[in-house]
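>>> sequence unknown, structure follows:
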DNA sequence: GGTGAAATTTTAGGTGC
DNA sequence: GCACCTAAAATTTCACC
């Protein structure tokens, strides 16, 4: 899918504020509302825009603790790995989790109400899984950048 | 701000799909459209819903390479640190960046078109900054979970 | 790509429980 | 606090040029 400068501008604005009206966005980009709407529809049909979602403020939601966790898995049993993957996907505390190269097998970002809740997450969930060999917690002190837009 | 089960359900649905109509969401939650609308408005006013945004698919956008990068800074000069922070905030490749405890001073997730583009990011940007002592790249092989909703 | 109009949704306001 | 009703305003959506 080929994108011109207007397309990129449209996508940048929509990532920051998808509630903007077609007319206002059309003005910003310099085209008519219907032409703009057709482009946006094309992005949706192509799957470039996967969805539209509300973005919450974790602090206001009462979730004041975040950490980046490095996880090493045990080197046995693929069914234990599947169990790990499924468990991660269902745990609300895990916001993102990636299989990576390097020292850690997985990197994940975890959010909790406080340190006590995080300790509970570790003791009663993560360290109880057979697939988990070890995990290192890196507490997030400050966000330099977050929820940033993808700029194609 | 106190939240009941309905509030949590509303927030969960809106994070996954903010384009749903008030009437449909009201049906799912089991309340009238006007009552639902007042709750959503309250979330926005309280800042719990910070914004609404489009979520792009990186693959479709032609961005096929991602990595988690650990960064250590040099122990001198706070103005170099400020320069680092500002540079990170303006670089499109950096999707998120957190100051953390642990071995690395910063954890960030970076996205690029391909390995070549990532090499360019390292050579011509990250390693050129005086504040950066060292950086370890952890290539993302697979996403177990991403763009997950916050569940208050 | 633009114009215009129909269809739908949003955003209120008011009433009573 | 919620449900229900009503209606104006705004927005989305689409046929046609």
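Yes, it's here. Bear in mind the structure is a predicted one, so any value in this text is a computation, not a measurement.

>>> need the residues that contact the biggest strand by length in chain A.
What stands out as the longest strand in chain A, according to DSSP state E, is strand A:132-145. The contact list for strand A:132-145, computed with C-beta atoms under 8 Å, 6 or more residues apart in numbering or on different chains, reads A:65-75, A:84, A:104, A:109, A:118, A:122, A:126-127, B:85, B:88-89, B:94-104, B:106-108. Where C-beta positions appear, they are placed from N, C-alpha and C, glycine not excepted.

>>> wait, residue A:81 sits on residue A:73?
Yes - under the criterion of C-beta atoms under 8 Å, residue A:81 makes contact with residue A:73 at 6.6 Å.

>>> these two: which has the busier surroundings?
Taking other C-beta atoms under 10 Å in any protein chain shown, residue A:81 and residue A:73 do not tie; residue A:73 has more neighbours (20 against 16).

>>> what helix or strand is the residue most central in space within chain A located in?
A centroid search over chain A (C-alpha atoms, centre = their mean) returns residue A:96, at 5.4 Å, as the residue closest to the centre. Element membership for residue A:96 (DSSP states H and E) is strand A:94-100.

>>> which outside residues touch that strand?
When contacts are defined by C-beta under 8 Å, 6+ apart, strand A:94-100 is touched by residues A:88, A:105-111, B:66-68, B:138-148, B:150.

>>> pLDDT wise, what is residue A:78 at?
As predicted, residue A:78 sits at a pLDDT of 88.

>>> now do it against chain B, distance only.
Distance, residue A:78 to chain B, using C-beta to the nearest C-beta, to the nearest Å: 14 Å.

>>> could you measure from that residue over to residue B:139?
22 Å (C-beta to C-beta, to the nearest Å).

>>> these two: who's more crowded?
Taking other C-beta under 10 Å, residue A:78 and residue B:139 do not tie; residue B:139 has more neighbours (16 against 8).

>>> which residues of chain A fall in strands?
A:49-56, A:65-73, A:94-100, A:106-112, A:132-145.

>>> between these, which gets nearest to DNA strand D?
strand A:49-56 (10.3 Å; C-beta to the nearest atom of the strand).

>>> what is the mean pLDDT for the closest one?
Rounded mean pLDDT across strand A:49-56 is 98.

>>> so that strand, near DNA strand C or not?
No - legend: contact between strand A:49-56 and DNA strand C by C-beta under 7 Å from any atom of the strand is lacking; minimum distance shown is 11.0 Å.

>>> what residues does that strand touch?
If you take C-beta under 8 Å, 6+ apart as the criterion, strand A:49-56 is touched by A:11, A:14, A:18, A:40, A:43, A:147, B:11, B:14-19, B:48-57, B:60, B:147, B:149-150, B:152.

>>> that strand pairs with which strands, parallel or anti?
On the basis of DSSP bridges, the sheet neighbours of strand A:49-56 come out as strand B:49-56 (antiparallel).

>>> the residue of chain A positioned farthest from its centre and DNA strand C: what is the separation?
Most distant residue from the mean C-alpha position of chain A: residue A:32, 33.0 Å away (C-alpha atoms, centre = their mean). Taking C-beta to the nearest atom of the strand, to the nearest Å as the measure, residue A:32 falls 3 Å from DNA strand C.

>>> ok, the closest residue to that residue other than its chain neighbours - how many residues close by?
Counting by C-beta to C-beta, 6 or more residues apart in numbering or on different chains, residue A:26 is the residue found nearest to residue A:32 once chain neighbours are left out, at 5.9 Å. For residue A:26, the neighbour count with other C-beta under 10 Å is 19.

>>> likewise residue A:94?
21.

>>> ok, it to residue A:45 distance?
Taking C-beta to C-beta, one finds residue A:94 at 31 Å from residue A:45.

>>> what of residue A:59?
In terms of C-beta to C-beta, residue A:59 sits 37 Å off from residue A:45.

>>> what does residue A:79 give?
To residue A:45, residue A:79 is 39 Å away according to C-beta to C-beta.

>>> and residue A:81, by the same measure?
36 Å.

>>> could you pull up phi and psi at the residue farthest from the centre of chain A?
Here is the backbone geometry of residue A:32 (degrees, to the nearest 10): phi -80, psi 160.

>>> what about the residue nearest to the centre of chain A, distance to residue A:47?
Residue A:96 is 20 Å from residue A:47, where distance means C-beta to C-beta.

>>> domain map for chain A?
According to automatic domain parsing, chain A comprises the domains A:5-46, A:65-139.

>>> most neighbours per residue, which of the ones you listed?
Of all the domains of chain A, domain A:65-139 has the most neighbours on average by mean count of other C-beta atoms under 10 Å in any protein chain shown, namely a mean of 17.
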